[in-house]
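**Q** generate a structure from the sequence data that follows.
(one chain, ligands or ions: 1)
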Amino acid sequence: GNEPRDAKDEQLDRFRSAPRHDALTTDQGVRVDDTDNALRAGQRGPTLLEDFHNREKITRFDHERIPERVVHARGAGAYGYFETTESLAEYTCADFLSEVGRRTPVFVRFSTVQGPRGSADTVRDVRGFATKFYTREGNYDLVGNNMPVFFIQDAIKFPDFVHAVKMEPHNEIPTGASAHDTFWDFCSLQPESTHMLMWLMSDRAIPRSFRMMQGFGVHTFRFVTADGRGTFVKFHWKPKLGVHSLVWDETQLIAGRDPDFNRRDLWEAIEAGEYPEWELGVQLVPEADEHKFDFDLLDATKIIPEELVPVRPVGRLVLDRNPQNFFAETEQVAFHTANVVPGIDFTNDPLLQGRNFSYLDTQLIRLGGPNFAQLPVNRPVADVNNNHRDGYGQQVIHPGTNYFPNSLGGGCPAHAGAGGAPGVFRHYQERVDGHKIRVRSESFQDHYSQATLFWNSMADWEKRHIVQAFRFELGKCDSMAVRERMVGNLAHVHPDLAAGVAEGLGLPVPAAAGTVTGAASPALSQANLLGEGIR
Ligand code: HEM
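**A** Below is the predicted model of the structure:
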């Protein structure tokens, strides 16, 4: 009997089951006399096929499972709102970011990446931080992680990377850690993963709570104004409670005693009215400055140091409602990097470009066909009006014809408005020119400077944790050649790191590998860069 909290909640109300009587029925609404005893020929006789209730009950049970997500299979979600605290109207025509005080309903799903749906929460892993904004101009999804960089630069490597990270193909071991041969084999052969590996071996990979994690959009995206002016943007979520991690031994104990530790924490905090909150910050880079940095803005293995481009706080995210049904909401929610609204556009980051293909593609099979945007959790609060028809699970009755142009009428929408009409998405008119080639830009070739920057910014105890993590995880790798190759890569990050890991694994300490740039500078401290140190 609670009043709906916002437009999304009101919409969900229409889909919440509200039976008008308490009798058991079949899916056809026929009342059932007995659900404990199947229909049989005589008290001790065979079960009869004509018992449609028995058959339906078992069939429905048999079909309860759908494929889990290929990555980020395990998660927890919640509803809430995003409130704009500083107008970005100067940079973007996105309606939901333009007006101070405007509230937009959201659904957020946190996840681990590697483990299957039933794995433990407190494993060493990246955490997903995906937000669906139900804006008045359509759904905008910010599908981020709790680390600001990624393992690979080009999405074409994603299947290789995930095959290496996931359980090994012959015995499906391990189900919840990065401690195995294929993972280290891949990373040691793919030096672009080194910066992300530093984050993964740090305490950021074992967060104490989803409420105490940062989030990052990772890629450089683009804000666009109504008159077509673009500005590069990186997105940052900063938790109000600060960033906190577990320590390794705690994670091991908790994984045994309460594998749902992070989920439970989120659920219970919201039930108790302790609503988790994050600040949204943006780093803005004018287009004219695209080539001003010693890394490429299109390279997802790089951050933009905050001392070069400060993070501007522009809004707050509050999660204040748990879902009512895990499957219907948290499992069926479908995030997609290509779900953008007017004023937010892509860049040519090759990792982002591939993601823009992958999410819809996987959801077509995971959610059983093309109509999953009609599922309650995925439905925009903005009106949907187009000529898409039919397909499995169609929930809408479309009267009239379904093509364009059309003079017979019947519900067929016209063009929403040519170039620049308010609230209409128009792709950013970027000039592109080039040969069709398969090469990685020269500007993507520096794989170690920011890994070194990260190492140099760590406190001594943080460095100790990183070395211990490398020793433990790499120590699970059976191949000595892989271990040595990995330690060889670490020598490019910092000799102390390589030496610490090598000693722990009984390997020869590699000679300093040179190319160690960015000497320790307190001003360049990663903790400063990211606004918040790990405590
Ligand atoms: C799922 C983040 C790179 C493919 C997810 C989820 C997150 C995420 C948060 C879980 C969404 C949810 O809660 O439902 C990221 C980030 C990336 C990245 C931050 C890099 C910056 C990629 C790439 C690909 C990819 C390169 C493919 C080329 C997928 C797929 C899913 C997924 C297929 C499952 C989606 C579903 O079944 O609904 N990713 N991802 N991701 N990601 Fe990524």
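**Q** is it fair to say residue 473 lies in a strand?
**A** No - counting by DSSP: H, G, I helix; E, B strand; the rest coil, residue 473 falls outside a strand, being helix.
**Q** show the pLDDT at residue 518.
**A** We have a pLDDT of 38 for residue 518.
**Q** buried set for stretch 120-137?
**A** Neighbour-count burial for stretch 120-137 flags 120-135, 137 (criterion: 16 or more other CB atoms under 10 Å). C-betas here are computed from N, CA, C, even on glycine.
**Q** dig out what the residue in the chain that the ligand sits nearest to forms beta bridges with.
**A** The nearest approach of the chain to the ligand comes at residue 128, 2.8 Å away (CB to the nearest ligand atom). Beta bridges link residue 128 to residue 111, residue 145 when assigned by DSSP bridges.
**Q** is stretch 227-241 positioned near the ligand?
**A** No - Stretch 227-241 lies out of reach of the ligand by CB under 6 Å from any ligand atom, never closer than 10.6 Å.
**Q** state the mean pLDDT of that stretch.
**A** The model assigns stretch 227-241 a mean pLDDT of 98.
**Q** the protein: helices as residue ranges?
**A** 7-13, 52-62, 158-165, 181-189, 194-200, 248-257, 261-271, 350-366, 449-456, 460-475, 480-493, 495-505, 526-529 (DSSP state H).
**Q** OK, contacts around residue 24?
**A** Applying CB atoms under 8 Å, 6 or more residues apart in numbering to residue 24 gives the contacts 31, 32, 35.
**Q** what does this structure put close to the ligand?
**A** So the chain meets the ligand at 69-72, 75, 109, 111, 128, 130, 143-145, 150, 155, 158, 218, 300, 333-335, 351, 354-355, 358-359, 362-363, 366 (CB under 6 Å from any ligand atom).
**Q** select only the buried ones of those residues in PyMOL?
**A** Per 16+ other CB under 10 Å, the buried members of these correspond to this PyMOL selection:
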select buried, resi 69+71+72+75+109+111+128+130+143+144+145+150+155+158+218+300+333+334+335+351+354+355+358+359+362+363+366
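**Q** quick one: low-confidence parts of the chain?
**A** Scanning the chain for pLDDT under 70 picks out 1, 176-179, 410-420, 514-535.
**Q** between the two ends of stretch 70-89, how far is it?
**A** End-to-end distance for stretch 70-89, by CA to CA, to the nearest Å: 37 Å.
**Q** one more: stretch 33-50?
**A** Start-to-end, stretch 33-50 (CA to CA) is 15 Å.
**Q** what comes up buried for it?
**A** If you call a residue buried by 16+ other CB under 10 Å, then stretch 33-50 has no buried ones at all.
**Q** from the chain's centroid, how far away is that stretch?
**A** Distance, stretch centre to chain centre, for stretch 33-50: 49 Å (CA atoms, centre = their mean, to the nearest Å).
**Q** what's the answer for stretch 157-171, then?
**A** The answer for stretch 157-171 is 19 Å, by CA atoms, centre = their mean.
**Q** start to end distance for it?
**A** Distance across stretch 157-171, first residue to last, is 23 Å (CA to CA).
**Q** name the residues of that stretch that are buried.
**A** Those would be 157, 158, 161, 162, 164, 165, 166, 167, for stretch 157-171 by 16+ other CB under 10 Å.
**Q** what of stretch 4-17?
**A** With burial defined by 16+ other CB under 10 Å, the residues of stretch 4-17 counted as buried are 5, 6, 7, 8, 9, 11, 12.
**Q** would you list every one of the strands in the stretch 301-450 of the chain?
**A** 312-321, 344-345 (DSSP state E, counting those that start in this stretch).
**Q** can you lay out the ones you listed as JSON lines showing mean neighbour count and distance to residue 429?
**A** Shown next, in JSON lines, are those (neighbours: other CB atoms under 10 Å; distance: least, CB to CB, whole Å):
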{"stretch": "strand 312-321", "mean neighbour count": "19", "distance to residue 429": "25"}
{"stretch": "strand 344-345", "mean neighbour count": "22", "distance to residue 429": "10"}
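**Q** which one of those lies nearest to residue 499?
**A** Residue 499 sits nearest to strand 312-321 of all the strands of the stretch 301-450 of the chain, at 40.1 Å, using CB to CB.
**Q** what are the pairing partners of that closest one, and which direction each?
**A** Here strand 312-321 has these sheet partners by DSSP bridges: strand 75-84 (antiparallel), strand 277-286 (antiparallel).
**Q** show me how far it is from its chain's centre.
**A** Per CA atoms, centre = their mean, the centroid offset for strand 312-321 relative to its chain is 17 Å.
**Q** same check on stretch 115-135?
**A** Distance, stretch centre to chain centre, for stretch 115-135: 7 Å (CA atoms, centre = their mean).
**Q** brilliant, that's me finished.
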